[in-house]
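Asker: Predicted model and sequence follow; I will ask about them next.
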Amino acid sequence: MKNYRILLFLSVFTFIFSCKEDKKATPIEPETVVVSRPLPSWNEGKTKNDILAFVKNVTTEGSSGFVPVENRIATFDNDGTLWSEQPAYFQLFFALDKIKLMAEDHPEWKSTEPFKSVLADDMEGIMKSGEKGLVQLMMTSHANTTAEEFEESVKNWMKTAKHPRFNQPYNTVVYQPMQELLDYLKAHGFKNFIVSGGGIDFMRAWAPETYGIPSNQIIGSSINAKFDYTDGNASIIKMPELDFNDDKAGKPVGIYQHIGKKPIFAAGNSDGDLQMLQYTDSNTYPSFQLYVHHTDAEREWAYDRESHIGQFNIGLDEAIAKGWTLVDMKNDWKTIFSFQE
């Protein structure tokens, strides 16, 4: 199972590729923020109390842990942290659906792997194609297109595609408690960023509307691109070559390159997020490290150490050892998805 996870995550998503500011608004000072009922989808208890206490400490002028607004950086993984990632990464479902749409122009795919397995909805056959086959699928579905065309294809997919278990649009299979956390931090002067191993172009097509996080605050894996100027039309062409892998140690590098400051709040759910939380933990300001632990098989899924997706093993041990916050999804969240209310 471990090898399968490595194959799926590294082979597929390695190669796939401020909160929105009101120009008229002034920075929100902590003392002016009134939140009558913070984090309503979170059960009362230590986890919720620790979050509220941290935010109060770093946003209260005169407190020992006060952090100026310009340094209140929060970074969030996406897959398994802000939205679900089971039974497979949603971007993989997008890639497979796009291959099917392209198949009409490629009759040879009916007898050529890995495309043959995609058209037959044979996930086992897709996995048997190995790293080479998976990379071929991702490059075929994500590259050799303009940035605008790719964005439009993702948006169109989001309008019609449904999650195989919940029968809901993928961009609604987001965690209501985490959306509340994003809003709560934003209301207290935090600037939220997504830092994900998923494709940056894929996320930028839908995440701003879903999470209220603008495109320039989304960091993800990417493939190379080139500028094209033909017949007076300027465009960016996505190329079938890896540019940046925003996973594991790549996450702190991405944060450094795109943000230029260490976060004081970081949230993830797997070993792929560990280095981001370690980087946050090294901040000289007070910091908060949060791991979403998937413990609810009834309302979502229960998995951690041996999962083929979102494996949570080394990170779980370190979180326990360092006293980082572990969100017990089953016990800490009243509601997981808004459509379950």
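Answerer: Structure's in. What do you need?
Asker: CA atoms for contacts and neighbours, from now on please.
Answerer: Fine.
Asker: My read is that Lys248 contacts Tyr279, right?
Answerer: No - assessed by C-alpha atoms under 8 Å, Lys248 is found out of contact with Tyr279, at 11.1 Å.
Asker: and the residue lying closest to Gly125 once chain neighbours are set aside, what does it touch?
Answerer: Residue nearest to Gly125 in three dimensions, not counting chain neighbours: Ser117, with 5.4 Å by C-alpha to C-alpha, 6 or more residues apart in numbering. Going by C-alpha atoms under 8 Å, 6 or more residues apart in numbering, Ser117 touches Met123, Gly125, Ile126.
Asker: Remind me which helix or strand Gln275 belongs to.
Answerer: helix 274-281 (DSSP states H and E).
Asker: what does Ser235 give?
Answerer: strand 233-244.
Asker: Buried residues, that strand. List them.
Answerer: Within strand 233-244, the residues scored as buried using 16 or more other C-alpha atoms under 10 Å are Ile237, Lys238, Met239, Pro240, Leu242, Asp243, Phe244.
Asker: Could you pull out the buried residues of the host helix or strand of Leu92?
Answerer: Counting by DSSP H and E, the element that carries Leu92 is helix 90-102. Neighbour counts over helix 90-102 (16+ other C-alpha under 10 Å) mark Phe90, Gln91, Leu92, Phe93, Phe94, Ala95, Leu96, Asp97, Lys98, Ile99, Lys100 as buried.
Asker: got CSV for these, with pLDDT and distance to His258 too?
Answerer: Putting those into CSV (pLDDT from 0 to 100; distance: C-alpha to C-alpha, whole Å) gives the following:
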residue, pLDDT, distance to His258
Phe90, 96, 25
Gln91, 95, 23
Leu92, 93, 25
Phe93, 96, 28
Phe94, 97, 26
Ala95, 96, 27
Leu96, 97, 30
Asp97, 97, 31
Lys98, 97, 30
Ile99, 97, 32
Lys100, 97, 35
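Asker: Would you mind checking which of these is nearest to Thr210?
Answerer: Closest approach to Thr210 among the buried residues of helix 90-102 (C-alpha to C-alpha): Phe90, at 14.8 Å.
Asker: Disregarding flanking residues, what is the spatial nearest neighbour of the closest one?
Answerer: Using C-alpha to C-alpha, 6+ apart and skipping the chain neighbours, the partner closest in space to Phe90 is Tyr170 (7.4 Å).
Asker: try Asn78
Answerer: Nearest one to Asn78, counting by C-alpha to C-alpha, 6+ apart, is Ser196 at 5.5 Å.
Asker: Next, count neighbours for the one you found.
Answerer: By the measure other C-alpha atoms under 10 Å, the count of residues near Ser196 is 28.
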